[in-house]
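In: Provided below for reference: sequence and predicted model.
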Amino acid sequence: MASGPHPDAARPVTAPDFLLSRHTGSLRTQGSLRAFPDPADAALALRSGRCGLVVGAIGFEPDAPAALVEPDIVVRTDGPLEPPAYFRSLRTRARVVEELPSTEAHRRRVATAIAGIRAGGLDKVVLARAVRLLADDPIDPHAVCAALIDSSPSADGFLVDLSPAGGVHSGRILVGSSPELLVRRRGDVVECHPLAGSAPRSRDTSVDQAAGRALQASGKDAAEHAFVVDSLATALAPLCRDLQIPERPSLTSTREMWHLGTRIRGRVADPRTTALDLALAVHPTPAVCGTPTDEARRVIAGLEGRRGFYSGAVGWADAGGDGDWMVTIRCAEIDADRSGAIAWAGGGLVADSDPDDEVAETAAKLRTVLTALGAV
Ligand SMILES: C=C(O[C@H]1C=CC=C(C(=O)O)[C@@H]1O)C(=O)O
């Protein structure tokens with residue numbers, strides 16, 4: 001963060017330690033009455049009515065500690081959040097200092113995974129890479145989140161204090177702008193908007209439109225997408241009735257990417273099944289893991305190591321069952337001392353994937369959060 005704050009605006013004392021901004025409604029919270037390192041405990045507390053609201057993040061690995069809390073102060077908003085002028089006036093200036101692993105090493109991992117898929121036993125796997133950033137001035141996570149919300153066409157953004165997960169997570173802040181709705185429940189209506197199959201966008205309108213059309217026509221991307229829809233259909237079938245799943249995905253976009261997306265809708269079969277129960281039942285989808293899930297997990301653990309919060313879920317659920325959970329992508333974790341951050345991006349691999357295209361896809365996906373960090 002470098003350039004000075006808005007002269008008339010002091011730092012808001014009500015800056016939340018959890019926020020989720022969505023065009024359909026947003027939530028900001030402060031404080032913690034209780035922490036739930038195990039998401040199953042949070043789900044049980046909600047179902048039994050011992051807890052009115054749970055907010056936070058769950059990790060990719062099933063044994064990863066969650067950063068879930070019952071918040072103290074809660075502010076709900078109908079539409080997206082409007083970042084305060086103070087945070088909008090701050091400009092973060094970080095720079096990439098390390099690739100984890102190098103682009104070339106990631107390309108080799110991708111090639112190895114594609115060869116594994118072609119050999120059989122694995123249909124799809126999502127491989128990710130990270131970059132490490134440093135800033136000369138302390139990074140204000142709320143300024144980064146404000147920039148993410150402001151640059152998202154649908155004002156998507158999240159910020160989660162990871163301290164409740166304890167250990168190395170203490171003091172770290174997760175920020176991001178995810179376009180992917182893992183699951184939402186309002187009343188008995190359940191919705192998912194899985195994304196898989198991507199193409200980088202272009203500033204040149206005709207090139208950009210052609211990229212979108214090519215994505216819609218791509219057999220490789222249709223296959224990559226179908227694994228995610230099939231997995232959600234299977235996971236939701238015992239929990240929902242009247243499941244409506246469009247036969248074909250449609251084109252959706254962020255500022256940086258075209259994606260294939262499918263809007264799934266159903267009704268919850270048992271009203272006691274909360275949005276958190278639904279999120280835990282469908283996570284991790286093949287949009288971040290793969291098919292079959294266990295084999296994909298094994299490949300990811302072997303090639304990448306542990307992911308932690310990237311490719312988990314961020315959101316909230318209340319005791320009435322309502323809630324929103326986004327897939328934790330297009331995100332970064334800001335260091336506890338605010339000196340730097342680490343950002344991730346991944347992509348789905350199937351038998352027909354091309355390693356060079358996959359490296360380019362992760363570079364394009366990283367731009368969302370690197371722009372907000374002032375690194376591009
Ligand atoms: C895993 C990521 O994106 C997922 C969401 C949309 C499209 C994806 C893809 O085309 O591979 C990924 O499944 C990421 O952004 O890190």
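Out: Yep, it's here.

In: and the lowest-mean-pLDDT helix or strand in the chain, what other elements does it pack with?
Out: Least confident helix or strand of the chain, by mean pLDDT, DSSP states H and E, is helix 85-89 with a mean of 94. Judged by 3 or more C-beta pairs under 8 Å, 6 or more residues apart in numbering; DSSP states H and E, helix 85-89 is in contact with helix 141-151. For glycine as for every other residue, the C-beta is placed from the backbone atoms N, C-alpha and C.

In: can you give me the buried ones in the following helix or strand past the helix it packs on?
Out: Heading C-terminal from helix 141-151, the first helix or strand you meet, by DSSP states H and E, is strand 157-161. Along strand 157-161, these residues count as buried under the neighbour rule (16 or more other C-beta atoms under 10 Å): 157-161.

In: show the pLDDT at residue 8.
Out: Note on residue 8: pLDDT of 49.

In: how about the least confident helix or strand of the chain as CSV, C-alpha atoms only?
Out: Presented in CSV, the C-alpha positions along helix 85-89 are these (Å, rounded to 0.1, in the frame of the first residue of the first chain):
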residue,chain,number,x,y,z
ALA,A,85,-14.0,5.6,0.4
TYR,A,86,-11.0,5.2,2.7
PHE,A,87,-10.2,1.7,1.4
ARG,A,88,-11.0,2.7,-2.2
SER,A,89,-8.4,5.5,-1.9
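
In: list the buried residues for the helix or strand that it is followed by?
Out: Under the assignment DSSP H and E, the closest C-terminal helix or strand after helix 85-89 is strand 94-100. Using 16+ other C-beta under 10 Å as the test for burial, strand 94-100 gives 94, 100.

In: show me the beta-bridge partners of the residue lying closest to residue 245 once chain neighbours are set aside.
Out: For residue 245, the nearest residue in space outside its immediate sequence neighbours is residue 264; the separation is 5.3 Å by C-beta to C-beta, 6 or more residues apart in numbering. When bridges are assigned using DSSP bridges, the partners listed for residue 264 are residue 192.

In: close to the ligand: what parts of this protein are there?
Out: Applying the criterion C-beta under 6 Å from any ligand atom, the portion of the chain that neighbours the ligand consists of 126, 128, 180, 195-198, 259, 287-288, 329-330, 345-348, 365.

In: in strands, which of the residues you listed fall?
Out: Applying DSSP state E to those, the entries found in strands are 126, 128, 195-198, 259, 345-348.

In: output those in a markdown table; the columns should cover neighbour count and pLDDT.
Out: Shown next, in a markdown table, are those (neighbours: other C-beta atoms under 10 Å; pLDDT from 0 to 100):
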| residue | neighbour count | pLDDT |
| --- | --- | --- |
| 126 | 26 | 98 |
| 128 | 22 | 98 |
| 195 | 24 | 98 |
| 196 | 28 | 98 |
| 197 | 25 | 98 |
| 198 | 25 | 98 |
| 259 | 25 | 98 |
| 345 | 24 | 98 |
| 346 | 25 | 98 |
| 347 | 23 | 98 |
| 348 | 29 | 98 |
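
In: possible to save those as JSON lines with distance to residue 23?
Out: What follows is those, written out as JSON lines (distance: C-beta to C-beta, whole Å):
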{"residue": "126", "distance to residue 23": "26"}
{"residue": "128", "distance to residue 23": "27"}
{"residue": "195", "distance to residue 23": "16"}
{"residue": "196", "distance to residue 23": "22"}
{"residue": "197", "distance to residue 23": "23"}
{"residue": "198", "distance to residue 23": "21"}
{"residue": "259", "distance to residue 23": "17"}
{"residue": "345", "distance to residue 23": "23"}
{"residue": "346", "distance to residue 23": "25"}
{"residue": "347", "distance to residue 23": "26"}
{"residue": "348", "distance to residue 23": "26"}
